[in-house]
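Visitor: Got a predicted structure here, sequence first:
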Amino acid sequence: MPACRQRVEYLRLGVSERTHGGANSVGEVGQHCRIGRVGLGQRTGGPGKVANLARVDHHHRQRRSSESRLRKAEIGVRVANPSRVRAFAKACGYEAKTDPRDAQVLSRYGQVFPESDTPETEPEREELQDLLRRRRQLVEQRAQEVNRLDKGASVGVAESTKRHIAWLEAEIAQLEKEYQEVLQGSARLTQRAALYRTVPGVGTLTAATLVAFLPELGRWDSKALTSLVGLAPWSRDSGRKRGQRSIRGGRGVVRKALYLCACSVIQVEGELRLFYQNLRQRGKPGNVALVAVMRKLLLQLNALARRGSPWVPSAV
């Protein structure tokens, strides 16, 4: 490993359960090295002896510990989207998937798509994300169990399902209490959540979701933000063909929260309801008009977060 440290200037990491695969900046075969988790990010020499930049795959349970150790060693971290990295690997002709290959692909991906360092997430925000993810998992399980009750199960199975539903509801209530305590424990997160709740249709859960999963609110421009959330209409054109625009990708958890807000806000009198009705009168399909409401709601939240002042209804 010491010899590998001397040659690596930029390190891309493929994180696995017990080891971290590293590849140097050129990503050549034979330059791969395997790093024990205990020694990850520890400096053993002077400048130039270890990596000063690392790229880590996003979807892995060991990613957070890897990021923390790298940052403690003053190594910049860039978190890569795994689906894009995998698509890049296939475009390069790499069908096989192994730890050494993954590290080499990450290295080449970093050269082709240079990005800024991924900002470090605050501990309170990470805890809030974990609690909201767990709540969402239990809500999905509860929906599955409720659907099973409607399928005419036997008496014993039905009673077991009801007991499970009762347990899930108690756990969901406990998680809701816990994530609100996390919010209240941070003055900055509490202030931001309260700011979002001034917007019609945005409740406690949606505000917490925005705080946890969309810290870019107020800092990014409208086009970049709508693309990040997955509300930008993508074209499908070829030659004379003009395909139907559609949305895809982005942060699904935020998009789902905005969808529920949009469904709620168009039911009451207000600016967004009028905006939705005007689109429908112009012949827009219901789902297209609803996505437009979601996009408008997101931009209002972005402007509100940038100003730092509560929502004020526009004069009609």
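Guide: That came in fine, so what should we check first?

Visitor: Please identify the buried residues of stretch 125-134?
Guide: Across stretch 125-134, burial judged by 16 or more other CB atoms under 10 Å covers Arg125, Glu127, Leu128, Gln129, Asp130, Leu131, Leu132. Where you see a C-beta, it was placed from the backbone N, CA and C, and this is true even at glycine.

Visitor: Quick one: these as a markdown table, columns for distance to Ser264 too.
Guide: Output for the buried residues of stretch 125-134, formatted as a markdown table (distance: CB to CB, whole Å):
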| residue | distance to Ser264 |
| --- | --- |
| Arg125 | 25 |
| Glu127 | 27 |
| Leu128 | 22 |
| Gln129 | 24 |
| Asp130 | 26 |
| Leu131 | 23 |
| Leu132 | 19 |
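
Visitor: I figured Ala193 was touching Val211, is that so?
Guide: Yes. Contact criterion CB atoms under 8 Å: Ala193 and Val211 qualify, at 5.1 Å.

Visitor: Overlap in contacts, the two.
Guide: Leu183 (CB atoms under 8 Å, 6 or more residues apart in numbering).

Visitor: So for the two, which residue has more residues nearby?
Guide: Neighbour totals were compared for Ala193 and Val211, and Val211 leads with 26 against 23 (other CB atoms under 10 Å).

Visitor: so what's the nearest residue to Val265 once chain neighbours are set aside up against?
Guide: Excluding its sequence neighbours, the residue lying closest to Val265 (CB to CB, 6 or more residues apart in numbering) is Gly201, at 3.4 Å. Taking CB under 8 Å, 6+ apart, we find Gly201 in contact with Cys261, Ala262, Ser264, Val265, Leu272, Leu297.

Visitor: Can you tell me which of these are buried?
Guide: Looks like the contacts of Gly201 have Cys261, Ala262, Val265, Leu272, Leu297 buried, using 16+ other CB under 10 Å.

Visitor: Could you identify the most distant pair in those?
Guide: Cys261 and Leu272 (9.3 Å; CB to CB).

Visitor: Spit out the residues that contact the two alike.
Guide: Gly201, Leu297.

Visitor: So which of the contacts of Gly201 is the closest to Asn147?
Guide: Each of these was scored against Asn147 by CB to CB, and Ser264 proved nearest at 23.6 Å.

Visitor: pLDDT score assigned to that closest one?
Guide: Listed pLDDT for Ser264 reads 91.

Visitor: List the buried residues for the longest helix along the chain?
Guide: Longest helix in the chain, counting residues (DSSP state H): helix 155-184. Neighbour counts over helix 155-184 (16+ other CB under 10 Å) mark Thr161, Ile165, Leu168, Ile172, Leu175, Glu176, Glu178, Tyr179, Gln180, Val182, Leu183 as buried.

Visitor: name the helices or strands packed onto it?
Guide: helix 123-149, helix 187-196, helix 204-213 (3 or more CB pairs under 8 Å, 6 or more residues apart in numbering; DSSP states H and E).

Visitor: Perfect, that will be all.
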